[in-house]
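**Student:** Output the structure for:
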Amino acid sequence: MIENFKDIFKDLNKHQKKYFIIVILINIFVSFMEMLSVASLIPFVSVLIDASLIDKNIYLNNTYKYFEFENIYNFNIFLGLIFFSLVLVTNIFFIINIWVTNFINFRIGAEISKKLFHSHLSNNFILKTQKTASDLSSRIVIEVHRFIDGVLASYVTLVFKSFFLISVFILLLFFNFKVTLVVFIFLLFFYFLVFKIIKSRVKSYGEKISEIHKKRLKLITEVFNGIKEVKIYNQTNYFNSIFEKNSKNINKKIAFNRSIAITPRYLLELIFLGALSFIVIMSNVSQNSTLLTFIPTFTVYIFAGYKLLPSAQTIFSAATTLSSEISSYLRFKNDLKKNEQLINDSSKKIYLNKNIIFNQKIEVKNLYLKFDESNFELSNINFELFKNECFGIFGKSGSGKTTIMNLLCGFLKQDDGKILVDDNDLRELEITSWWKNISYVPQSVYIFDDNLLRNVIMNDTFDEKKFTETINLVGLSYMLENDFYINVNLGEKGSKVSGGEAQRIGIARAMYKYPKILILDEFTSALDKKNEEIILNFLLKLKGTVTIILISHKEEVLKICDKKIMIENGKLINTINS
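**Tutor:** Just a heads-up that it's a prediction; the model follows:
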């Protein structure tokens, strides 16, 4: 628990650490105020029951004389007002503390989510580790929320309630040493025993909750992405049953962890109230005339118990929640560390050129890459690609064509060999500057649920003339009529446009950038023969004005290329010049 806290505190940035320390200090202050409210009850009840204590107790006597009270009645009112004032102020600070703590905790959570989102969006280790969108979504959203709600908040609660518990314990030791010691030893033993019994199961359930969250999100993503196939093959009941099974499983585990964290409080209340009732009944049965002397003690312990039992229970709940929810932090912990390492490496790295303009050629020498999570290797890749040349990469699915494209773009870094851009090693160049030269059209163009304009320009800078020329260039001029390009959304994943239109929108998006290098990866896979010819004719018009890289498993598509290479099982088999 302590080791995890150290790691978590290290992962917070300077401002987050400051906020977290502020939260801790506020919680300690509120604990102190709460302890004072308990302390103020002792003289109030004691004097109310036995006025002679004013003469016996030096502190009460000095207070009585200092304020020159006329009678005991006024002094009782004074003590009662002090008690009520402290309770009032404590509760006001308690409310403020809740608001401040929640806002700061969830602000930290928002910043962590932003950091993870930015990390996965900006860096390329995702492409090599093959993380799925649902897995990343789970880490960025669900696991961060669990971390803030179940881990960070629990650490704050542990500090807050532990400080209060220790303060009241010390106070009650002065009030009645023996009774306080017995009660606290019993409390510690009771909660320690329960926690020891349930800890492993709670932790195990917490890890399983993370896994089931991931499975459910993956299922939702896959089912709605493949909704047509699900319906046409009549698989709705099958997927419903899987989702229902996962939901029941996760709800059962969450319910167990939440319930087990709360249950001990009610057992303790039963024990303490039962013991108190037994003492009162036995005193009456034995007609013990000294019962009156126990009333102040009973009152103080009842009020202290009213404060302490929930605090002890909250500490137990926080510890239980930590055991359950710490798996959420462990799921994105390494992502944060990788992000910090990449930022540190980037800040230390001195780039040879921060403003890359592609003028001559790209040269690939003895390229080698092995993937972390498979046995696939790319090796012995050598070729040259000159400016304004049309270059083809041919091979079967899974041969390594797209991996070469990822390396050329700088999405991945090779394990060995070189990619030279105008004789400069790509690894020594600032990658964002290199990307300014490139436009990329993937096999399946992603269409955002927005209008045509946003889908093409993908930012807030709009050049109407440039946009119109680009749309006309790819044969989508009819979409400019009646302001269609502004007023109509294209639907989720482009549901309102055809496959050919989606592909041409992708090319329009690429050409709006006016790139020096245009890369098209399996660009004909979703096209019929007519649309394939339209795009090939468009590319023919571009030949000689821009460097074109075509990637395909269909050799006839590469007929317009000046040069092409053949890839098989991650190796270069042949180079063909037209």
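**Student:** Quick one: residues contacting residue 105.
**Tutor:** Residue 105 makes contact with 23, 148, 152, 153, 156, according to CB atoms under 8 Å, 6 or more residues apart in numbering. Bear in mind the C-beta positions are built from the backbone N, C-alpha and C, glycine included.
**Student:** Of these - the most surrounded one?
**Tutor:** residue 152 (26 neighbours; other CB atoms under 10 Å).
**Student:** now that residue: how far from residue 141?
**Tutor:** 16 Å (CB to CB, to the nearest Å).
**Student:** same question, residue 108
**Tutor:** From residue 108 across to residue 141, the span is 15 Å (CB to CB).
**Student:** Tell me which of those two has more neighbours.
**Tutor:** Shown here are residue 108 and residue 141; by other CB under 10 Å, residue 108 has more neighbours (22 against 15).
**Student:** Please identify the helix or strand for the more buried one.
**Tutor:** Assigned by DSSP states H and E, residue 108 falls within helix 72-122.
**Student:** Please tell me how far residue 193 sits from residue 199.
**Tutor:** Residue 193 is 11 Å from residue 199, by CB to CB.
**Student:** Name the residue in the two with the higher neighbour count.
**Tutor:** Using other CB under 10 Å as the criterion, residue 193 and residue 199 rank with residue 199 on top: 14 against 11.
**Student:** which residues does the more buried one contact?
**Tutor:** Residue 199 neighbours (CB under 8 Å, 6+ apart): 320, 323.
**Student:** What count of nearby residues applies to residue 421?
**Tutor:** Neighbours around residue 421, by other CB under 10 Å: 23.
**Student:** same question, residue 102
**Tutor:** Neighbours of residue 102 under the rule other CB under 10 Å: 14.
**Student:** buried residues in stretch 470-488?
**Tutor:** 470, 471, 473, 474, 475, 476, 479, 485 (16 or more other CB atoms under 10 Å).
**Student:** of all the residues you listed, which comes closest to residue 367?
**Tutor:** residue 474 (32.4 Å; CB to CB).
**Student:** quick one: that closest one and residue 503 touch, right?
**Tutor:** No. At 9.0 Å, residue 474 does not count as touching residue 503 under the criterion of CB atoms under 8 Å.
**Student:** what residues do the two have in common as contacts?
**Tutor:** Shared contacts of residue 474 and residue 503, defined by CB under 8 Å, 6+ apart, are found at residue 535.
**Student:** one step back: output the buried residues of stretch 470-488 in a markdown table, with secondary structure, distance to residue 359 and pLDDT appended to each entry.
**Tutor:** As requested, the buried residues of stretch 470-488 are exported to a markdown table (DSSP: H, G, I helix; E, B strand; the rest coil; distance: CB to CB, whole Å; pLDDT from 0 to 100):
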| residue | secondary structure | distance to residue 359 | pLDDT |
| --- | --- | --- | --- |
| 470 | helix | 24 | 83 |
| 471 | helix | 29 | 83 |
| 473 | helix | 24 | 78 |
| 474 | coil | 27 | 79 |
| 475 | coil | 31 | 79 |
| 476 | coil | 32 | 81 |
| 479 | helix | 35 | 80 |
| 485 | helix | 35 | 73 |
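**Student:** starting at the chain centroid, how far to the helix or strand containing residue 505?
**Tutor:** Assigned by DSSP H and E, residue 505 belongs to helix 499-512. The chain centroid and the centroid of helix 499-512 are separated by 33 Å, computed with CA atoms, centre = their mean, to the nearest Å.
**Student:** Please apply the same query to stretch 238-252.
**Tutor:** Its chain's C-alpha centre lies 23 Å from the corresponding centre of stretch 238-252 when counted by CA atoms, centre = their mean.
**Student:** what does stretch 366-376 give?
**Tutor:** With CA atoms, centre = their mean, you get 30 Å for stretch 366-376.
**Student:** circling back to that earlier point, nearest to residue 541, of the contacts of residue 105?
**Tutor:** Relative to residue 541, the closest of the contacts of residue 105 is residue 148; by CB to CB it sits at 54.2 Å.
**Student:** What are the phi and psi values at that closest one?
**Tutor:** Main-chain dihedrals, residue 148, degrees, to the nearest 10: phi -70, psi -50.
**Student:** Tell me the confidence at it?
**Tutor:** At residue 148, the model reports a pLDDT of 78.
**Student:** What distance do you get for residue 423 to residue 236?
**Tutor:** 58 Å.
**Student:** With neighbour numbers in mind, choose between these two.
**Tutor:** A direct count of neighbours by other CB under 10 Å for residue 423 and residue 236 places residue 236 higher, at 12 against 8.
**Student:** Look up how far residue 245 lies from the more buried one.
**Tutor:** 15 Å.
**Student:** again with residue 565
**Tutor:** 49 Å.
**Student:** ok, now residue 324?
**Tutor:** Distance from residue 324 to residue 245, by CB to CB: 21 Å.
**Student:** Could you do residue 546 as well?
**Tutor:** 53 Å.
**Student:** neighbour-wise, which of these two wins?
**Tutor:** residue 546 (19 against 12).
**Student:** For the more buried one, give the beta-bridge partners.
**Tutor:** residue 543 (DSSP bridges).
**Student:** ok, it - contacts?
**Tutor:** 388, 515, 516, 517, 518.
**Student:** Could you identify the most distant pair in those?
**Tutor:** Going by CB to CB, the pair spanning the contacts of residue 546 furthest: 388 and 515, at 11.9 Å.
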